[in-house]
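[1] with the input below, show me the fold.
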Amino acid sequence: MDKDILTLENQLCFAVYSASHAFTRAYKPLLADLGLTYPQYLVMLVLWERRSATVGEIGAALSLDSGTLSPLLKRLETAGLVRRERSREDERQVTVHLTAEGAAARSKAEKVMAGIAERVGCSLDEMVALRENLNSLRKHLEG
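    Numbering: from 1, shown residues only. Next up is the predicted model:
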């Protein structure tokens, strides 16, 4: 492999890895008021958009498996933000619903969204382009 390509690949790996961690760290103080971790916040974003979703739908939206989601959902349910309900037709399927408290938390989350938009430091158009580039990168990597 060409040394320049190897160097570029190493730099790209580090840039993606360090940006991901910096992004998560930027969220941490903003999420403290909500009492949520970053992964829990991602689940709540899906539910604020849809009001309810199956575990499979949440997993597909976030690229997470049910083994990862189950403990997150259990903690969100214990916190009173969601309610899990097993399907009567198919016991294997669980639907997650926002509670009134979970729906009300969205107004607090708007401060989080504003805080991250400020921290990202780019225009709305630049944020859209960045999102599209990252989604494209993920799709290519997933094959």
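[2] and S63, how many neighbours?
    If you count neighbours by other Cβ atoms under 10 Å, S63 ends up with 9. The C-beta positions use only the backbone N, C-alpha and C, and glycine is treated the same way.
[3] in which helix or strand would I find the closest residue to it other than its chain neighbours?
    Leaving aside its chain neighbours, S63 sits nearest to R138 (7.7 Å; criterion: Cβ to Cβ, 6 or more residues apart in numbering). Assigned by DSSP states H and E, R138 belongs to helix 124-142.
[4] any idea of the mean pLDDT in that helix?
    Mean pLDDT, helix 124-142: 90.
[5] tell me the buried residues in that helix?
    Using 16 or more other Cβ atoms under 10 Å as the burial criterion, none of the residues of helix 124-142 qualify.
[6] figure out how far it is from the centre of its chain.
    15 Å (Cα atoms, centre = their mean, to the nearest Å).
[7] and the one helix or strand S107 maps to, what does it pack onto?
    Element membership of S107 [criterion: DSSP H and E] is helix 100-120. Packing contacts for helix 100-120, counted by 3 or more Cβ pairs under 8 Å, 6 or more residues apart in numbering; DSSP states H and E, involve helix 3-31, helix 38-50.
[8] how does it look with 10 Å?
    In this structure, helix 100-120 makes packing contacts with helix 3-31, helix 38-50, strand 82-86, strand 94-98, helix 124-142, judged by 3 or more Cβ pairs under 10 Å, 6 or more residues apart in numbering; DSSP states H and E.
[9] thanks a lot, see you next time.
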